[in-house]
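*Asks:* Sharing a sequence plus its predicted fold:
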Amino acid sequence: MVSGVITIATWLRASWYDPRLNWNSSEYSGIWQTAVDVERIWTPDFLAWNHVERFEKEIRTADSGVFLYSDEWGVYWSRPAVIKLTMPLSVRMFPFDTQTVTMEVGSWSYSGFLQNLTAMAYTINDKKAEGGKRRVTNGAMDLSVFEGDSEFEVEGLPAVLSAFEYACC
C-alpha cells in the first residue's frame, strides 16, 4: 500500500446560531441580512484531519462571506477552498483498481459537547428530479458540476458521522 495526494476544489460552508448576533428585523426598518468581517466574530473550528497543507489562512479572508440573519435565522459562512488530502492507494489491480478517498473533518479545539458538526443540507439542480431540483440531506458531495476525467470515475458517497472520545489532560 502506498499513499498519494488528491487536490479537491470545494466550497466550505457552515451555519450556526449565536444569540449575541441576533436582532429583530422589525426594529431595524426590515433589515434582515448583513455581512461582517470573518475576523470580527467567532467562527467554527473545523479542518480536514488528513490534510497535507493547512488551508485555514487561505479561507479566513475578507473574500469569505459571513452573513448574519435576523429573527433567529443565525449565521452563514461560505468560502471556496482548495484542499490537499492524503489518501491510501492500492494499485494491486491496476489499471482496474478502485480507490477510496475520505475527507476526515473535525474540530481541533472543541469537543462535540461544545461544537456539534453535522452535514449541512443543500439543494442541487437535477434534471431527473421532480421540478429539476433535489434536496441533499445526507452530506453527499455535489457532483452535478464535476467535469469528469477519461481515466477515472467519481462516485459520491454520503457523509458518515463518527464520534471519538480521547483521554486527555
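*Replies:* Ah, there it is. Note that the coordinates shown come from a computational prediction; the quantities given were computed from them, not determined experimentally. Numbers count the residues shown, from 1 in each chain.
*Asks:* Please identify the buried residues of stretch 92-112?
*Replies:* Using 16 or more other Cβ atoms under 10 Å as the burial criterion, the residues of stretch 92-112 that qualify are 103, 105-107. For glycine as for every other residue, the C-beta is placed from the backbone atoms N, C-alpha and C.
*Asks:* Only alpha carbons, please: show stretch 114-132 as CSV.
*Replies:* Extracted C-alpha coordinates of stretch 114-132, given in CSV (Å, rounded to 0.1, in the frame of the first residue of the first chain):
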residue,chain,number,x,y,z
LEU,A,114,-19.2,22.5,22.6
GLN,A,115,-19.5,22.3,18.8
ASN,A,116,-21.8,19.9,17.0
LEU,A,117,-20.5,19.2,13.5
THR,A,118,-23.1,17.8,11.1
ALA,A,119,-23.6,17.6,7.4
MET,A,120,-25.4,20.6,6.0
ALA,A,121,-28.4,20.1,3.8
TYR,A,122,-28.4,21.8,0.4
THR,A,123,-30.3,21.8,-3.0
ILE,A,124,-28.8,20.8,-6.3
ASN,A,125,-30.1,21.0,-9.9
ASP,A,126,-31.1,17.5,-11.0
LYS,A,127,-32.8,17.0,-14.3
LYS,A,128,-34.1,13.6,-13.2
ALA,A,129,-35.8,15.0,-10.1
GLU,A,130,-39.3,16.4,-9.9
GLY,A,131,-39.1,20.2,-10.6
GLY,A,132,-35.5,19.9,-11.7
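*Asks:* Output the lowest mean pLDDT helix or strand found in this protein.
*Replies:* Ranked by mean pLDDT, DSSP states H and E, the helix or strand of the chain with the weakest confidence is helix 56-59, at a mean of 57.
*Asks:* so what's the spatially most central residue of the chain up against?
*Replies:* The structure's the chain has its C-alpha centroid closest to residue 12; by Cα atoms, centre = their mean the separation is 3.9 Å. Listed by Cβ atoms under 8 Å, 6 or more residues apart in numbering, the contact partners of residue 12 are 59, 78-81.
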